[in-house]
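Colleague: predicted model and sequence below, questions to follow.
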Amino acid sequence: MAPFVYSLLVISLGLGTTMTFASTHWYLAWMGIEINTLAIIPLMAQNHIPRAIEATAKYFFAQATASAALLFATISNAHLVGEWDILQSHHPFTTTLITLALAMKIGLAPLHSWMPEVLQGLTLRTGLILSTWQKLAPLCLIYQIQPNNPNVFITLGLLSILVGGWGGFNQLQLRKILAYSSIAHLGWMILILSFSPPLTLVALFTYLVMTFSLFSSFMKTRSTHISSLSISWAKIPALTASIPFILLSLGGLPPLTGFLPKWLILLELIKQDLAPIATLATLASLFSLYFYLRLSYTMTLTMPPNNPAGTLPWRLTPQHNSLLSALTTTTTIFLLPLTPAVLSLFSL
């Protein structure tokens, strides 16, 4: 792809998300999401292989269906309420329909079936954009239309945590595992949104940092299959030593950063007299922890059948910039002691 075209598409991604962030009118917010969708489709199809084209088609049809449902719901809301303002969405029918349409946009269960198949057909770089940047605009709208009845968010959150953990079982493709990981983490964000919106922002921030760190690590080791993890030590030994900590942080184990949002969310659910829901979410997250441990085991305790001949790749001069990856990896592992500062930052 030509650099000018690539730059134009990236700028369009930023424009669409910024338009949705700045909108108070449903139609303008919908336009921003559509600009976002149309900008990423050429990036997804830039590799002219059948799998990438298939993933692009699946993504287009899923997003078109969600966009049509969202437009219908917002028109219905304007008809019932008499306002196009996003904050004036109070009717139960339209609020539920808008929530479901946006849930399909970001891949929340049970509207998640397109997410693993689409991510599997993309490159890791485009998959990173799909797993992080493309979630921001719909989450911004979900954040603003909190319904009076939190049961919709609780149901979507619990289903996403369960499906995200269960779906990662017996998966061999790393991109599918990352897709189910994304579904599970989005479930934690939606679960607490009705009770403590700042905690949703904390969970989103930690998810973005951890996901960027893991995707960038896999891009540098060129790993797309679980079997390729066992030879990553020959490519970048230092990075290979840090990836298991990133995976365990995504699983939510202390004293790593990923423990921070899950622990705070569970405390808030208990304060809201929702101890059974907190228990179910904790048990469902054990499924996700299992496949994170599986990946960690493959990287640290397995060896390839034979050693690579010649000079090991890590002895050569590196051809990539590792500053951003080093910063996000450090944040993913060591941010837990700064919990009070993080909470004060998102409580403003």
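Modeller: Structure received.
Colleague: for Leu38, which non-adjacent residue is spatially closest?
Modeller: Excluding its sequence neighbours, the residue lying closest to Leu38 (C-beta to C-beta, 6 or more residues apart in numbering) is Ser12, at 7.4 Å. Glycine gets a C-beta too; all of them are placed from N, C-alpha and C.
Colleague: was I right to think the one you found contacts Ala39?
Modeller: Yes: between Ser12 and Ala39 there is a contact at 3.6 Å, judged by C-beta atoms under 8 Å.
Colleague: have a look at these two and say which one is more surrounded.
Modeller: Ala39 (21 against 16; other C-beta atoms under 10 Å).
Colleague: looks to me like that one is in a strand.
Modeller: No: when DSSP: H, G, I helix; E, B strand; the rest coil is applied, Ala39 is found to be helix, with no strand at that position.
Colleague: how near is it to Ala73?
Modeller: 23 Å (C-beta to C-beta, to the nearest Å).
Colleague: now for Met104: which residues touch it?
Modeller: Ala62, Thr65, Ala66, Ala69, Leu111 (C-beta atoms under 8 Å, 6 or more residues apart in numbering).
Colleague: where's it, which helix or strand?
Modeller: helix 92-106 (DSSP states H and E).
Colleague: would you mind identifying the next helix or strand past that helix?
Modeller: Criterion used, DSSP H and E; the element after helix 92-106 is helix 114-120.
Colleague: coming back round to it: who are the contact partners of the residue nearest to Leu38?
Modeller: With C-beta under 8 Å, 6+ apart, Ser12 has these contacts: Ile35, Asn36, Leu38, Ala39.
Colleague: count the neighbours of the first one for me.
Modeller: Ile35 sits with 20 neighbouring residues when counted by other C-beta under 10 Å.
Colleague: isn't it right up against Ser23?
Modeller: No: counting by C-beta under 8 Å, Ile35 sits too far from Ser23 to count as a contact (11.6 Å).
Colleague: which two from the contacts of Met104 end up farthest apart in space?
Modeller: The span of those, defined through C-beta to C-beta, is set by Ala62 and Ala69 at 11.0 Å.
Colleague: looking at these two, which is more packed in?
Modeller: Taking other C-beta under 10 Å, Ala62 and Ala69 do not tie; Ala62 has more neighbours (21 against 18).
Colleague: the residue lying closest to the more buried one once chain neighbours are set aside and Gly14: what is the separation?
Modeller: Spatially, and ignoring its direct neighbours in sequence, Ala62 is nearest to Trp114 (4.0 Å; C-beta to C-beta, 6+ apart). Relative to Gly14, Trp114 is positioned 24 Å away (C-beta to C-beta).
Colleague: out of these two, which sits in the more crowded spot?
Modeller: Using other C-beta under 10 Å as the criterion, Trp114 and Gly14 rank with Trp114 on top: 20 against 13.
Colleague: contacting residues for the more buried one?
Modeller: Lys58, Tyr59, Phe61, Ala62, Gly107.
Colleague: so for it, what's the pLDDT?
Modeller: pLDDT recorded at Trp114 is 93.
Colleague: then Arg294?
Modeller: 90.
Colleague: tell me what the helix or strand it falls within is packed against?
Modeller: In the assignment (DSSP H and E), Arg294 maps to helix 275-301. If you count contacts as 3 or more C-beta pairs under 8 Å, 6 or more residues apart in numbering; DSSP states H and E, helix 275-301 packs onto helix 151-167, helix 174-193, helix 237-251, helix 259-271.
Colleague: fine by me, we can end here.
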